[in-house]
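J.: I would like the atomic coordinates for the input below:
(chains A and B, ligands or ions: 1)
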Amino acid sequence: MPEPFKVLTSRTLVLSQTNIDTDQILPARFLTTTSRDGLGALAFHDWRYESDGSPKPEAALNRIDPTRSRILVAGANFGCGSSREHAPWALLDYGFRAVVATEIADIFTANALKNGLLPVVVDPATWDDLANNPDQLVTIDLEAGELRRGDHAAVSFTVEPFARQCLLDGVDTLGWLQSHLPAIESFEHNTRPEPVA
Amino acid sequence: MTAPRTLYEKVWDRHVVVQETDATPAVLYVDLHLVHEVTSPQAFSEIESRGLRVRRPDRTFATLDHSTPTLPAMDGERPYVTPEAKSQVARLEQNCARHGIALAGWDSADRGVVHVMGPELGLTQPGMTVVCGDSHTATHGAFGALAFGIGTSEVAHVLATQCLLQRKAKSLRVTVDGALQPGVSGKDVALAVIAALGFGGGTGFVIEYAGEAVRGLDMEGRMTLCNMSIEAGARAGMIAPDEKTIDWLRGRRHVASGADYDALAADWLTLATDPGAVFDREFRLDGAAITPMATWGTTPDAGSPIGSKAPQPTSDSERKALAYMGFTAGETTTTQAVDVVFIGSCTNGRLPDLRAAAQILRGRKIKPGLRMLVVPGSEAVRRDAEAEGLDQVFIAAGAEWRIPGCSMCIAMNGDFVGPGQLAVSTSNRNFEGRQGKGARTILASPATAAASAVAGVLTDPRVYLQEAAHA
Ligand code: SF4
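T.: Coordinates of the predicted model:
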């Protein structure tokens, strides 16, 4: 169950290229894990490391302190590609708590929200300003649905209302779904033929 | 009289356990949950840590495909790429045994890539909801099922409750008019649709494919088309069931037979979108104008007709993609030597795909020095292909014939394209590094892949098909 998310104030890291897919976030060859721990070290692996395993000094992700830069500002269509939840697990384990983009892929959004990584979709003008001014101190206020920074007017964003409530209150979604078991049983009883299997 | 509804709405409505409200998503019932080794271990751990069991093992079906070697066992040992891959497979075997889930494991004649196997066994049926921890689950939409990929948390939700929390998506109808030209396949249609919609163009939508060209595709071609819906960002792609669907599924193991089947089939035909139903967005494409397609960049929407010139980049991302691929704007992509050709995956690893490739390779040799891997999508495909002698065609041409699995599509089992190598691949993703670190991927149809293997450069397969016709 994710930690509740209310207000986050942190610095930004900008990866401005569009279509950053889940194979970039966590290359497929690391998917043989059977746990969700320790993936932060592998996040963006091929952007961060040479073939011999030594870190690339020029990679922005190797130069920041992930405990201070917890907001990732990324190009449009971030998280496209596969449904692997390993992608948000890796980003969270690395240190990010929010991703800001003009467009974020569907399944990635669902996966991120379930793990307490907040996807924040903003308008292009706001995004341009964030992308052009890296390492800004930004506040993301989920309760108010606002992104605030410096002297700029607050920018509002929306999150699917149920996922928002779950994050604010630390609701366990699986537990919530289980509370509907009586309805699920009567649905099965009334409408579902037995599988032919 | 109810208002006219789309195929998607009809299937959705049949599965709503609890209606959605502004504050809460719908509780949606899942008819079939497909499971594989990569996205499930953490989900089993999650439910077990809560003391829960798999609620409907009879609606859950598992296979081994992603981490599995495609070379046979030697001295009883499977050549796993790493100990982790081996233990991941063992974990699924244990989880299935513990929870009473049917597993098409190593000893099973049913084992295959999850989206090839499900329909083959008749597990996938029209009007069902089908989910899997895999974004290409949309494949099953070819049968008029609502099928989509989910993350591992959701895999745990389905294991524990047989339901998912879902918001209804917007609807997009993609109509492909006209008849396809000879030598043009479902893959070319898919690449043309994605190029037209754009990589994120389908985000938030469920696509329904319609029109003469779509009707004209065989079920395998329809699966190829629906399979790639996610590459336009769409969660699912669907095609209304018709006589082809009914014929294809008849007699498969997990469907009813006799009069029961006829009753089911009659119901399936009622799923088609009603006349007058309104889509949130409509998109049309001229199918007769589609020619064999190939990608030039590092996203699946970067496709264009083979022989056309790589475009002038209009963004940094496009510039970067061209540089990564080693293509020059304004020049064709048909001159660079191809190092690897891969035929397989849940997109194009079915029998008609292998036949299309074999038609070109029969009596020909692949370019010396080029490596070609042919990986059937399932054990059933392998058996059928070998019965027809297709394996011998591939081997005689100089290709490697492997045992089923995802293989080079995702390159996590030890089959990969080397750094800097150029591959023509029938899979679905050409992302940087998807087929191996530094690998450069061109997506294309099986016929194009085979033609390119012979010529050693990206090649329009109609060149060879015409030769065959004239011979
Ligand atoms: S063949 Fe490729 S896309 Fe299909 S399930 Fe396997 S890895 Fe995924």
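J.: for residue 63, give me the pLDDT.
T.: Using chain A. In this model, residue A:63 is scored at 89, pLDDT.
J.: think we crossed wires, I meant chain B
T.: pLDDT, read off for residue B:63, is 98.
J.: cool, residue A:192 as well?
T.: Looking at residue A:192, the pLDDT reads 67.
J.: quick one: residue B:20 and residue B:168 touch, right?
T.: Yes - at 6.6 Å, residue B:20 counts as touching residue B:168 under the criterion of CB atoms under 8 Å. (Each C-beta comes from the backbone N, C-alpha and C, glycine too.)
J.: got any residues that touch both of the two?
T.: Here residue B:20 and residue B:168 share the contacting residues residue B:26, scored by CB atoms under 8 Å, 6 or more residues apart in numbering or on different chains.
J.: kindly report the residues of chain B close to the ligand.
T.: Residues of chain B found near the ligand (CB under 6 Å from any ligand atom) are B:65-66, B:113-115, B:134, B:136, B:345-346, B:406, B:409-410, B:427-428.
J.: now, the residues you listed that are in helices?
T.: B:114, B:115, B:345, B:346 (DSSP state H).
J.: pick out the most distant pair among those.
T.: B:114 and B:345 (11.3 Å; CB to CB).
J.: overlap of the contact sets of those two?
T.: Contacts common to residue B:114 and residue B:345, judged by CB under 8 Å, 6+ apart, are absent.
J.: so who does the residue of the stretch 101-250 of chain B found nearest the ligand touch?
T.: When distances are taken as CB to the nearest ligand atom, the stretch 101-250 of chain B reaches nearest to the ligand at residue B:136, 4.4 Å away. Residue B:136 makes contact with B:115, B:149, B:227, B:228, B:230, B:346, B:347, B:428, according to CB under 8 Å, 6+ apart.
J.: and if we set it to 10 Å?
T.: The neighbourhood of residue B:136, defined by CB atoms under 10 Å, 6 or more residues apart in numbering or on different chains, consists of A:82-83, B:113-115, B:147-149, B:223, B:226-231, B:345-347, B:406, B:409, B:427-429.
J.: now the helix or strand harbouring residue B:354 - C-alpha only, PDB.
T.: Following DSSP states H and E, one finds residue B:354 within helix B:351-361. The C-alpha trace of helix B:351-361 is given here as PDB (Å, rounded to 0.1, in the frame of the first residue of the first chain):
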ATOM      1  CA  LEU B 351       0.700 -19.900 -38.900                       C
ATOM      2  CA  PRO B 352      -0.400 -17.500 -41.700                       C
ATOM      3  CA  ASP B 353       2.500 -15.200 -40.800                       C
ATOM      4  CA  LEU B 354       5.000 -18.100 -41.200                       C
ATOM      5  CA  ARG B 355       3.300 -19.100 -44.400                       C
ATOM      6  CA  ALA B 356       3.700 -15.600 -45.800                       C
ATOM      7  CA  ALA B 357       7.400 -15.600 -44.900                       C
ATOM      8  CA  ALA B 358       7.900 -19.200 -46.300                       C
ATOM      9  CA  GLN B 359       6.300 -18.300 -49.600                       C
ATOM     10  CA  ILE B 360       9.100 -15.800 -50.200                       C
ATOM     11  CA  LEU B 361      11.900 -18.000 -48.800                       C
END
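J.: can you tell me the closest non-neighbouring residue to the closest residue to chain A within the stretch 201-350 of chain B?
T.: Nearest residue of the stretch 201-350 of chain B to chain A: residue B:317, at 4.5 Å (CB to the nearest CB). Counting by CB to CB, 6 or more residues apart in numbering or on different chains, residue B:317 lies nearest to residue A:18, which is 4.5 Å off, once chain neighbours are set aside.
J.: wait, that neighbour sits on residue B:302?
T.: No - using CB atoms under 10 Å, residue A:18 is not in contact with residue B:302, being 11.9 Å away.
J.: neighbour count: these two, which is higher?
T.: Between residue A:18 and residue B:302, residue B:302 has the larger neighbour count (other CB atoms under 10 Å in any protein chain shown), namely 25 against 22.
J.: now for the longest strand anywhere in chain B, which elements pack on it?
T.: Using DSSP state E, we find that the single longest strand of chain B is strand B:170-177. On a contact count with 3 or more CB pairs under 10 Å, 6 or more residues apart in numbering or on different chains; DSSP states H and E, strand B:170-177 meets helix B:7-14, helix B:186-197, strand B:205-210, helix B:212-216, strand B:236-238, strand B:281-286.
J.: quickly run through the sheet partners of the shortest one, with directions.
T.: It stands for strand B:236-238. strand B:205-210 (parallel) (DSSP bridges).
J.: and the partner strand, how far out from the chain middle?
T.: Distance of strand B:205-210 from the chain centroid (CA atoms, centre = their mean, to the nearest Å) equals 16 Å.
J.: could you check the angle it makes with strand B:170-177?
T.: 30 degrees (axes from the mean of the first three to the mean of the last three CA atoms, to 10 degrees).
J.: quick one: low-confidence ranges for chain A?
T.: A:1, A:192-197 (pLDDT under 70).
J.: flag every buried residue along the longest strand anywhere in chain A.
T.: Identified as the longest strand of chain A according to DSSP E is strand A:7-15. The neighbour-count check on strand A:7-15 (16 or more other CB atoms under 10 Å in any protein chain shown) flags A:8, A:10, A:12, A:13, A:14, A:15 as buried.
J.: from residue B:209, how far out is the third one?
T.: The reference is to residue A:12. To residue B:209, residue A:12 is 40 Å away according to CB to CB, to the nearest Å.
J.: ditto for the fifth one
T.: Using CB to CB, residue A:14 is found at 38 Å from residue B:209.
J.: taking chain A, what residue is nearest to the ligand?
T.: Per CB to the nearest ligand atom, residue A:82 is where chain A lies closest to the ligand, at 7.2 Å.
J.: host element of that residue?
T.: Assigned by DSSP H and E, residue A:82 falls within no helix or strand.
J.: circling back to that earlier point, mutual contacts of residue A:18 and residue B:302, please.
T.: B:199, B:317, B:318, B:321.
J.: will you turn the residues you listed into TSV that also has neighbour count?
T.: Output for the shared contacts of residue A:18 and residue B:302, formatted as TSV (neighbours: other CB atoms under 10 Å in any protein chain shown):
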residue	neighbour count
B:199	24
B:317	21
B:318	20
B:321	24
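J.: now, which of those residues sits nearest the ligand?
T.: When the shared contacts of residue A:18 and residue B:302 are compared against the ligand (criterion: CB to the nearest ligand atom), the nearest one is residue B:199, at 16.1 Å.
J.: returning to that earlier point: for the longest strand of chain B, what is the distance to the chain centroid?
T.: With CA atoms, centre = their mean, you get 19 Å for strand B:170-177.
J.: partners of that strand in the sheet?
T.: When DSSP bridges is applied, strand B:170-177 pairs with strand B:205-210 (parallel), strand B:281-286 (parallel).
J.: comparing those, which comes out most buried?
T.: strand B:205-210 (a mean of 27; mean count of other CB atoms under 10 Å in any protein chain shown).
J.: can I get the CA coordinates of that strand in CSV?
T.: The C-alpha coordinates for strand B:205-210 follow below in CSV (Å, rounded to 0.1, in the frame of the first residue of the first chain):
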residue,chain,number,x,y,z
PHE,B,205,-9.7,5.5,-26.2
VAL,B,206,-10.9,2.0,-27.0
ILE,B,207,-10.6,1.6,-30.8
GLU,B,208,-13.1,-0.3,-32.9
TYR,B,209,-11.7,-1.3,-36.3
ALA,B,210,-14.3,-1.5,-39.0
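J.: tell me the mean pLDDT over it?
T.: Here the average pLDDT along strand B:205-210 is 98.
J.: which residues sit in contact with residue B:226?
T.: B:115, B:136-143, B:145, B:147, B:186, B:190, B:207-209, B:214, B:234, B:236-239.
J.: let's see it at 6 Å
T.: By CB atoms under 6 Å, 6 or more residues apart in numbering or on different chains, residue B:226 lies in contact with B:138, B:139, B:141, B:142, B:237.
J.: residue B:86: what's it in contact with?
T.: residue B:80.
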